[in-house]
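>>> The following comprises the amino acid sequence and a computationally predicted model.
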Amino acid sequence: MKLMFANFSDWLLSEKNGSWWQYALLRSTIGFLLTICVAFLIELYVEGLDCLDNIEFLTINFDELIKNMEKIIVIDVLFIPAYETLIFIGICRVLNFFIQEKVFTCLAAGLVAGLIHFYVKDYYAMVTCISFTISAGAYFVWQKRKQAYLVCFTMHALHNLFALSLDEFVFI
């Protein structure tokens with residue numbers, strides 16, 4: 001268990017060479033895939049196998065999609081992540097003041113940000129905690145290069161884009 005936690009800590013706070021957008025794309029994709037897995041397992045636990053009956057794949061209403069595209073892109077992918085990322089960075093800074101160990105700060109920031117998203121669904125706090133923990137790690141890695149906001153915002157925007165795309169193409 002200790003080795004697994006050490007590997008997670010190393011991965012979370014690793015400083016990989018490469019551009020900020022490659023880092024953001026890879027980490028947000030990994031975070032989103034982990035989020036989907038956890039959400040599916042929780043939904044399966046809560047609803048049982050009946051939750052599989054409620055999934056309709058690729059039932060796209062293109063008129064509705066085009067009508068909502070402006071709202072989806074402007075508000076849900078650009079505007080909301082922009083100000084939520086500012087709030088999230090503030091949470092990371094405050095927690096880092098009290099918790100000196102970065103990996104525990106990342107976990108605490110993920111938990112706090114997840115709890116803020118509790119209003120969506122009762123278990124959504126656990127689901128969003130994963131991607132916000134990864135975003136907190138990104139904040140601390142890129143803070144030294146003065147691109148922390150850009151990386152965290154991009155990861156948040158991509159996560160929202162992935163989630164909204166999934167919501168548009170797979171109705172649950």
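Sure thing, it's come through.

>>> can you give me the helices in the chain?
2-12, 20-47, 62-70, 80-98, 102-116, 124-143, 148-169 (DSSP state H).

>>> average pLDDT for the third one?
Read it as helix 62-70. Mean pLDDT, helix 62-70: 69.

>>> I figured residue 134 hits residue 156, correct?
No - look at residue 134 against residue 156 with C-beta atoms under 8 Å: they stay out of range, at 10.6 Å. Placement of C-beta: from N, CA and C, glycine included.

>>> Tally up the residues packed near residue 19, please.
Using other C-beta atoms under 10 Å, residue 19 is surrounded by 9 other residues.

>>> my guess is residue 80 contacts residue 159, does it?
No - at 11.1 Å, residue 80 does not count as touching residue 159 under the criterion of C-beta under 8 Å.

>>> Between the two, which has more neighbouring residues?
residue 159 (23 against 14).

>>> if I look at the more buried one, how far off is residue 46?
In this view, residue 159 and residue 46 are 22 Å apart by C-beta to C-beta, to the nearest Å.

>>> what about stretch 150-168, distance to the chain center?
Mean-position distance between stretch 150-168 and its chain equals 8 Å (C-alpha atoms, centre = their mean, to the nearest Å).

>>> shared neighbours of residue 134 and residue 156, anything?
Counting by C-beta atoms under 8 Å, 6 or more residues apart in numbering, the common neighbours of residue 134 and residue 156 are residue 28.

>>> nearest spatial neighbour of the residue nearest to the spatial centre of the chain, skipping sequence neighbours?
In the chain, the centroid-proximal residue (C-alpha atoms, centre = their mean) is residue 131; its distance is 3.0 Å. Nearest residue to residue 131, sequence neighbours excluded (C-beta to C-beta, 6 or more residues apart in numbering): residue 31, at 3.8 Å.

>>> got the CA positions of stretch 69-86 in PDB?
Provided in PDB are the C-alpha atoms of stretch 69-86 (Å, rounded to 0.1, in the frame of the first residue of the first chain):
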ATOM      1  CA  MET A  69     -23.800  24.500 -28.900                       C
ATOM      2  CA  GLU A  70     -23.300  28.200 -28.100                       C
ATOM      3  CA  LYS A  71     -24.300  27.600 -24.400                       C
ATOM      4  CA  ILE A  72     -22.200  24.400 -24.200                       C
ATOM      5  CA  ILE A  73     -19.000  26.000 -25.600                       C
ATOM      6  CA  VAL A  74     -19.200  29.500 -24.200                       C
ATOM      7  CA  ILE A  75     -20.700  28.900 -20.800                       C
ATOM      8  CA  ASP A  76     -19.900  25.300 -19.800                       C
ATOM      9  CA  VAL A  77     -16.500  24.900 -21.500                       C
ATOM     10  CA  LEU A  78     -15.000  28.400 -21.300                       C
ATOM     11  CA  PHE A  79     -16.700  30.700 -18.800                       C
ATOM     12  CA  ILE A  80     -17.500  28.300 -15.900                       C
ATOM     13  CA  PRO A  81     -14.000  26.600 -15.900                       C
ATOM     14  CA  ALA A  82     -12.400  30.100 -16.000                       C
ATOM     15  CA  TYR A  83     -13.800  31.300 -12.800                       C
ATOM     16  CA  GLU A  84     -14.000  27.900 -11.100                       C
ATOM     17  CA  THR A  85     -10.300  27.400 -11.800                       C
ATOM     18  CA  LEU A  86      -9.600  30.700 -10.000                       C
END
